[in-house]
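1. Sequence first, then the predicted structure:
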Amino acid sequence: MEVVRIELESNGLGGTLPVELQELHRLRFLYFENGATSSTIPSEYGTLSDLMVLDLDMNDLTGTIPESIYDLRELRQLDLNENRLTGTISTSIENLEKLMFLQLGQNELSGTIPSQ
């Protein structure tokens, strides 16, 4: 059996995002929203090549969006809203050609999102 979906929403879990999730090679949906997670986004998540949804909104995440996240070619939803992320939105975001939902508000990010 392979794990394809993890949903941990509104449960008050704290701590850091587990780097070990990179071992779940068939993971497609990752929801860690509305929690108390306070860490950076592990760059290793960029190796989850089947990932379609990365929803980490409403936590206490800091740091930048790892460049490796923009390598997730199957990603359709990226929701990092309501964290404390900083830095520039990389122009590599245009690599996410299948992206249909993007939410980055209520952070301290800068940069331009391509119109196409």
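-> Cool, got the structure. None of these values were measured; they are calculated from a predicted model. Residues are numbered from 1 along each chain as shown.

2. what about stretch 97-110, start to end distance?
-> 21 Å (CA to CA, to the nearest Å).

3. let's number from 869 now, not from 1
-> From this message on, residue numbering opens at 869, which makes the last subject stretch 965-978.

4. as a whole number, average confidence for it?
-> Averaged across stretch 965-978, the pLDDT comes to 96.

5. buried stuff in it?
-> 967, 970, 972, 975, 977 (16 or more other CB atoms under 10 Å). Where you see a C-beta, it was placed from the backbone N, CA and C, and this is true even at glycine.

6. Then stretch 941-952?
-> Buried-residue list, stretch 941-952, by 16+ other CB under 10 Å: 943-951.

7. I figured residue 966 hits residue 940, correct?
-> No. Taking contacts as CB atoms under 8 Å, residue 966 lies outside contact range of residue 940: 9.1 Å.

8. what's the lengthiest strand in the chain in contact with?
-> If you go by DSSP state E, the chain has its longest strand at strand 952-956. Under the contact criterion CB atoms under 8 Å, 6 or more residues apart in numbering, strand 952-956 has outside partners 909, 928-933, 972, 975-979.

9. The same query, at a cut-off of 7 Å, please.
-> 928-933, 975-979 (CB atoms under 7 Å, 6 or more residues apart in numbering).

10. per-residue confidence averaged over it?
-> On average, strand 952-956 scores 95.

11. And it, how far out from the chain middle?
-> Strand 952-956 sits 13 Å away from the centroid of its parent chain (CA atoms, centre = their mean, to the nearest Å).

12. Can you show me the CA trace of that strand as PDB?
-> C-alpha atoms of strand 952-956 as PDB (Å, rounded to 0.1, in the frame of the first residue of the first chain):
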ATOM      1  CA  ARG A 952       5.100  34.400   7.700                       C
ATOM      2  CA  LEU A 953       7.000  33.600   4.500                       C
ATOM      3  CA  THR A 954       9.400  36.200   3.100                       C
ATOM      4  CA  GLY A 955      11.500  36.700   0.000                       C
ATOM      5  CA  THR A 956      10.800  36.900  -3.600                       C
END
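
13. Quick one: name whatever helix or strand follows it.
-> Sequence order places strand 969-971 as the next helix or strand after strand 952-956, per DSSP states H and E.
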